[in-house]
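Chemist: Got a predicted model here, sequence first, then my questions.
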Amino acid sequence: MNFLAHLYLAGSNKEIIIGNFIADTIKGNKFDHFSKDIQFGIKMHRRIDTFTDSHPIFRQSKRRLDDKYRLYKGVIIDLIYDHFLAKNWSQYADTSLFDFSQEIYQLLEKNYAILPEKAQYLIPYMSKQNWLYKYKSLQGIGEVMHDMNIRTQGRSKMNEAIVDLKDNYAIFEKDFTCFFKEIENYSSTYLKNHDCKNNK
């Protein structure tokens, strides 16, 4: 899962949202200086990634991509799934995608000082270019893939993946819809278990 899905699945607890956002910028278990809820968010992010990477539908989606993408197939499917979440946002959330995106940027900027340096680096670009909302259109996701290819110095060929998405659009959307029901249930249960432990 990419940024949008992780942030959506994190629920309404602001510190858990922050934990989910910063998880990829933290190595190993070096996060015990954060609050318990931020630590939980980091662990939740990693659980979601493990669930996703081992899921047969996600693996099926990766097999639909050209072999030239090699190790970057998973990253590309993460982006494709975020595109479909953004595109169909009203089916999953009550608030608009634009409002959700702005609330996330404001939350991260408000807590900028406590974030790891790598996460701090992302926020200005994320906010200015409105990444979360940008995922909604094919043009937007195409631009993200183009930028990602530049960041990998052309090794990933991710800029070409927009063609794969367009050629197999309905199939990828079906994959996403089926998978997302399961990851929502998994995440919801994980959050409820956390709430139950805290309320004992």
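Modeler: Received it, and whenever you're ready, just let me know what you need.

Chemist: pLDDT averaged over stretch 27-47 - what is it?
Modeler: The pLDDT scores in stretch 27-47 average 93.

Chemist: Would you mind listing the outside residues contacting that stretch?
Modeler: 6, 9-10, 13, 15-24, 26, 114, 187, 190-191, 194 (CB atoms under 8 Å, 6 or more residues apart in numbering). (C-beta placed from N, C-alpha, C; glycine too.)

Chemist: what stretches of the protein score poorly on pLDDT?
Modeler: Scanning the chain for pLDDT under 70 picks out 1, 195-200.

Chemist: From Thr50, how far off is the residue lying closest to Ile123 once chain neighbours are set aside?
Modeler: Nearest residue to Ile123, sequence neighbours excluded (CB to CB, 6 or more residues apart in numbering): Leu108, at 5.2 Å. To Thr50, Leu108 is 24 Å away according to CB to CB, to the nearest Å.

Chemist: same question, Arg64
Modeler: 22 Å.

Chemist: Which one of those two is surrounded by more residues?
Modeler: Arg64 (16 against 10; other CB atoms under 10 Å).

Chemist: Phi first, then psi, for the more buried one.
Modeler: The phi and psi values for Arg64, taken as degrees, to the nearest 10, are phi -70, psi -20.

Chemist: for stretch 110-122, the distance to its chain's centre please.
Modeler: Here the centre of stretch 110-122 is set off from its chain's centre by 17 Å, with CA atoms, centre = their mean, to the nearest Å.

Chemist: Give the buried residues for that stretch.
Modeler: 111, 115-116, 119-120, 122 (16 or more other CB atoms under 10 Å).

Chemist: Helix or strand for the spatially closest residue to Ile77 that is not a sequence neighbour, just tell me which one.
Modeler: In space, and not counting its chain neighbours, Ile77 is closest to Ser61: 4.7 Å by CB to CB, 6+ apart. Assigned by DSSP states H and E, Ser61 belongs to helix 56-63.

Chemist: for that helix, packing partners?
Modeler: Judged by 3 or more CB pairs under 8 Å, 6 or more residues apart in numbering; DSSP states H and E, helix 56-63 is in contact with helix 73-87, helix 169-198.

Chemist: Now Met126: closest residue in space, sequence neighbours ignored.
Modeler: Nearest non-adjacent residue to Met126 (CB to CB, 6+ apart): Tyr105, at 6.8 Å.

Chemist: Wait, the one you found touches Pro124, no?
Modeler: No: at 9.7 Å, Tyr105 and Pro124 do not qualify as touching, with contact defined as CB atoms under 8 Å.

Chemist: Pick out whichever of these two has more residues nearby.
Modeler: Between Tyr105 and Pro124, counting by other CB under 10 Å, Tyr105 is the more crowded of the two (18 against 12).

Chemist: check contacts around Met90.
Modeler: To be clear, residue 90 is Ser; Met isn't right here. With contact set as CB under 8 Å, 6+ apart, Ser90 has these partners: Ser96.

Chemist: distance of it from Asn168?
Modeler: In terms of CB to CB, Ser90 sits 24 Å off from Asn168.

Chemist: Over to Lys118?
Modeler: From Lys118 across to Asn168, the span is 33 Å (CB to CB).

Chemist: Thanks a lot, catch you later.
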